[in-house]
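> Take this sequence and fold it.
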Amino acid sequence: MVTRVEEIYEQLVAFYPAYSDTGSVTRIIYSGTGPDHEYSGDDPRQVESIKRALARCYAVDLAAQARLLRARFERQVMLHFYLPDGRVFVPFKLRKRRIKGDAAYGYVNLERIDRFDPGETPGLVLDSGTVLPLCSSVKTARLAYLLAMEIRAELVHPPESFDQDLVNALNVLRTLLGGSSVSTPSPPGQRFRTKFIRTK
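Now for the predicted structure:
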């Protein structure tokens with residue numbers, strides 16, 4: 001099924017290069033309406049084109065972001081990127097090239113990674129149970145994961161919540177009316193929690 005990232009960009013979980021009957025495509029994994037709903041489709045464009053299309057959906061300047069990340073983390077090669085909604089996408093080698101020049105790296109939303117399975121055929125396991133075959137060592141994958149956690153901790157901020165805006169507005173009104181202020185609700189924090197990745 002052909003799926004364009006512009007149609008499902010808010011639900012995007014992962015995208016990576018794959019070979020199909022029609023040639024090289026980008027496999028897209030995205031979430032549905034329920035927590036256990038997950039779908040996949042193919043976009044005929046290449047991974048970097050998908051990445052640029054995703055960035056356009058959020059008006060993100062990928063070149064400027066890459067310069068910032070390279071300077072902050074002192075890395076010459078920087079493939080990670082993040083979005084204003086708090087998602088950090090981590091690069092992993094998810095395909096063995098058949099032809100020189102074919103893309104090998106794809107991207108996975110940091111928060112959707114459950115664990116890495118070492119073994120003869122290493123795998124990256126999503127929280128839905130979907131397994132993506134790793135074409136690198138688990139050690140290399142973990143380093144990319146840890147760097148993504150650093151990026152999230154230092155540069156990514158949770159979007160303004162409606163609840164917080166409501167509390168701020170109520171406090172202004174109560175101050176004007178001479179009442180007491182409303183306490184700030186605890187942030188949900190699930191997307192921005194510290195996560196310890198499991199291994200088998």
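
> So the residue most central in space within the chain versus residue 71, what's the distance?
Centroid check for the chain by C-alpha atoms, centre = their mean gives residue 109 as the closest residue, at 2.3 Å. Between residue 109 and residue 71 the computed distance is 24 Å (C-beta to C-beta, to the nearest Å). Glycine gets a C-beta too; all of them are placed from N, C-alpha and C.

> Kindly report the same for residue 6.
30 Å.

> Just list the residues touching the residue nearest to the centre of the chain, thanks.
For residue 109, the contact set (C-beta atoms under 8 Å, 6 or more residues apart in numbering) comprises 12-14, 87-90.

> tell me the pLDDT at residue 32?
Looking at residue 32, its pLDDT is 80.

> Oops, could you answer that again for residue 77 instead?
75.

> and it, that one's in a helix?
No - assigned with DSSP: H, G, I helix; E, B strand; the rest coil, residue 77 falls outside any helix and is coil.

> what residues are up against the closest residue to residue 145 other than its chain neighbours?
Nearest residue to residue 145, sequence neighbours excluded (C-beta to C-beta, 6 or more residues apart in numbering): residue 90, at 6.0 Å. Contacts for residue 90 (C-beta under 8 Å, 6+ apart) come out as 80, 107-110, 113, 144-145, 147-148.

> So what are the sheet partners of the strand or helix carrying residue 90 and their directions?
Assigned by DSSP states H and E, residue 90 falls within strand 88-93. Neighbouring strands of strand 88-93 in its sheet, by DSSP bridges, are strand 81-82 (antiparallel), strand 105-109 (antiparallel).

> TSV for those strands, including distance to residue 44?
Below are the strands paired with strand 88-93 laid out as TSV (distance: least, C-beta to C-beta, whole Å):
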stretch	distance to residue 44
strand 81-82	22
strand 105-109	15
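
> Select the helix or strand of the protein having the lowest average pLDDT value.
When each helix and strand of the chain is scored by mean pLDDT, DSSP states H and E, strand 198-199 comes last, with a mean of 56.

> Just the buried positions in the lengthiest helix in the chain, please.
Ordering each helix of the chain by length in residues (DSSP state H) puts helix 138-155 first. Burial within helix 138-155, assessed by neighbour count using 16 or more other C-beta atoms under 10 Å, is assigned to 138, 141, 144-145, 147-148, 151-152.

> again, but for stretch 26-37
For stretch 26-37, a neighbour-count test (16+ other C-beta under 10 Å) marks 26-31 as buried.

> ok, and what's touching it?
So stretch 26-37 is contacted by 3, 5, 8, 11-18, 38-47, 49-50, 106, 126, 128, 130 (C-beta under 8 Å, 6+ apart).

> Buried only: go through those residues for me.
3, 5, 8, 11-18, 38, 41, 43, 45, 47, 50, 106, 126, 130.

> Can you show me the strands along the chain?
In the chain, the strands defined using DSSP state E lie at 12-20, 23-31, 38-43, 81-82, 88-93, 105-109, 113-117, 123-126, 131-133, 198-199.

> Tell me if I'm right that residue 48 and residue 104 touch.
No - counting by C-beta atoms under 8 Å, residue 48 does not reach residue 104; the two are 12.0 Å apart.
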